[in-house]
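[1] Okay, here's the prediction I keep looking at, along with the sequence it came from:
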Number of protein chains: 2
Amino acid sequence: MSTTELGAKAPEERRKRILEATVAVIRERGFAGTRVSDIAESAGTSQGLVLYHFGSLAGALTAALTSLEDEFYVEVDQQLESASGPIERLRLMGELGSGQGPAVGDWRLWLELWVRALHDDDARTARESLDRRWRASLSDVISEGVAQQLFTPSDAADSVVRLASLMDGLAIQLALDDPGMSTHRFGQLWLEAASLELGIPLDTLRG
Amino acid sequence: MSTTELGAKAPEERRKRILEATVAVIRERGFAGTRVSDIAESAGTSQGLVLYHFGSLAGALTAALTSLEDEFYVEVDQQLESASGPIERLRLMGELGSGQGPAVGDWRLWLELWVRALHDDDARTARESLDRRWRASLSDVISEGVAQQLFTPSDAADSVVRLASLMDGLAIQLALDDPGMSTHRFGQLWLEAASLELGIPLDTLRG
DNA sequence: CAGTATCCTGAACATGCGTTCAGATGGAAT
DNA sequence: ATTCCATCTGAACGCATGTTCAGGATACTG
């Protein structure tokens, strides 16, 4: 019997813990405010180990970034599969964005990512691919709706960009706790925009 | 005759130079990346003087923030007065946002401000008041259009929030040089949204 | 002209933080 | 049992950077 009960995969467990801790700290203190000691403390290990696994602070931050990316993809796809029909999928995307449903993650992380993308290339490509992916999903839903003659956008591509951008813009207020913004109002406003953009009666969309 | 040709206001000139330098450095390196030495170098003075005038790095950053706020107010009001009629004013706001006209400032600064607002109270209140002010201007323009029966939004308040948020969202892509986004497309997309929201024929809006 | 307050500088100081490193620990292989 | 390698720790190192400070220069004042 070994003295540890963690089994053979202890090191990788540890690595994963550090990764999660890194994300947690970034969420709290932002990319710029995250220190190696914060990560170590949050993960319950030494600073040395963080550097051992990721080489440097920047390495840990980048690793956290891609880990986040993966989570995002998995969660969005999983959620979208669970819905049937373009109307319901559209509603779901509104909820995913507003964070009502099982949240994709805190919008504050996205703000942090955007700013980091201004100065860091890894962040730039990560955010670009996340955005592209999200817009692709939205585009798919809209195409589906158009094919079923439920949606009648005057220009589907433009509507995709606008609806995605609107979500980002609303997200800023949500992330900053702007008075007058709430997850409920977020969802409301976004669905109304979708109704306008895609020519769907609001009642239909609200169900 | 004094040996300097700067006149009596030399100290305040100097202070102003430092303020402008601070804004410039923030624009380049972000809030988090701005160092006292950067400001001093950019302003052509010593580190000591920066601290002498603003007490601390944080003080300089905050001062730059409020200075930015003032500039914004002045420029927006000045621009909006130059336009006549709600349609033209709306078009102007689109241009102001996209940075085509005399730019309000780089959108990257706004991104920086948003993220700083996550962790710093001065930034939080600054950005909130900037946002409120901008939305108030937009709201005024829309009210004017409604009064003249040019605009027919189903809910003016909601349209204000959506159009302002859409601008923020588009701005992110512009700030990050997203492929597929440009100042021209920014203005295009935003005006189309305004057309949808306010029930204005596109031809009218495009002039 | 003398005195004083304001403005400004460059160097010194203190500290926080990323990184390095010498070794401890423990399991696997021989 | 001995060796070896991966894993992990805590301390030490060194650098970057915000802040302090002693003093010089300049401009007002009486």
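    Structure received.

[2] what pLDDT, on average, does the helix or strand hosting A:Thr204 get?
    Assigned by DSSP states H and E, A:Thr204 belongs to helix A:202-206. For helix A:202-206, the mean per-residue pLDDT is 90.

[3] Buried ones in that helix, by neighbour count?
    Residues of helix A:202-206 classed as buried by neighbour count (16 or more other C-beta atoms under 10 Å in any protein chain shown): A:Leu205. C-beta coordinates here come from the backbone N, C-alpha and C atoms, glycine included.

[4] What is that helix packed up against?
    Using 3 or more C-beta pairs under 8 Å, 6 or more residues apart in numbering or on different chains; DSSP states H and E, the elements in contact with helix A:202-206 are helix A:86-98, helix A:183-198.

[5] does A:Leu196 really touch B:Leu196, like I thought?
    Yes: with contact defined as C-beta atoms under 8 Å, A:Leu196 counts as touching B:Leu196 (5.0 Å).

[6] wait, what's in contact with A:Gly44?
    A:Gly44 is in contact with A:Arg17, counting by C-beta atoms under 8 Å, 6 or more residues apart in numbering or on different chains.

[7] Over to the one 5 residues further on?
    Contact partners of A:Leu49, counting by C-beta under 8 Å, 6+ apart, are A:Arg14, A:Ile18, A:Ala40.

[8] now do A:Gly94
    A:Gly94 is in contact with A:Gly187, A:Trp190, A:Leu191, A:Ala194, counting by C-beta under 8 Å, 6+ apart.

[9] Quick check: the second one touching A:Met167?
    So that's A:Trp190. Yes: under the criterion of C-beta under 8 Å, A:Trp190 makes contact with A:Met167 at 6.1 Å.

[10] Pull up the overlap in contacts between the two.
    Shared contacts of A:Trp190 and A:Met167 (C-beta under 8 Å, 6+ apart): A:Gly97.

[11] so A:Thr59 is in which element?
    To be clear, residue A:59 is Gly; Thr isn't right here. Counting by DSSP H and E, the element that carries A:Gly59 is helix A:57-82.

[12] near DNA strand C, anything from that helix?
    Yes: for helix A:57-82, a contact with DNA strand C is found by C-beta under 7 Å from any atom of the strand, at A:Leu57, A:Ala58.

[13] can you tell me if that helix touches DNA strand D.
    No: with C-beta under 7 Å from any atom of the strand as the criterion, DNA strand D is not reached by helix A:57-82; the gap is at least 12.0 Å.

[14] Distance from that helix to the middle of the chain?
    Centroid separation between helix A:57-82 and its chain, computed with C-alpha atoms, centre = their mean, to the nearest Å, is 8 Å.

[15] who does that helix touch, helix- and strand-wise?
    helix A:10-33, helix A:36-43, helix A:47-54, helix A:86-98, helix A:121-147.

[16] Give me the neighbour count for the residue in chain A that DNA strand D sits nearest to.
    Proximity to DNA strand D, evaluated over chain A using C-beta to the nearest atom of the strand, is greatest for A:Gly48 at 2.8 Å. A:Gly48 has 10 neighbours, counted by other C-beta atoms under 10 Å in any protein chain shown.

[17] Report the contact partners of A:Leu92.
    Counting by C-beta under 8 Å, 6+ apart, A:Leu92 has contacts A:Gln79, A:Leu80, A:Ser82, A:Ala83, A:Gly101.

[18] Nearest spatial neighbour of A:Ala32, chain-adjacent residues omitted?
    In this structure, A:Ala32 finds its nearest non-sequential neighbour in B:Ala32, 3.4 Å apart by C-beta to C-beta, 6 or more residues apart in numbering or on different chains.

[19] For chain A, which residues are neighbours of DNA strand D?
    A:Ala10, A:Pro11, A:Arg14, A:Arg15, A:Thr45, A:Ser46, A:Gln47, A:Gly48, A:Leu49, A:Tyr52, A:His53.

[20] cutoff 6 Å now
    By C-beta under 6 Å from any atom of the strand, the residues of chain A that approach DNA strand D are A:Ala10, A:Pro11, A:Arg14, A:Thr45, A:Ser46, A:Gln47, A:Gly48, A:Leu49, A:Tyr52.
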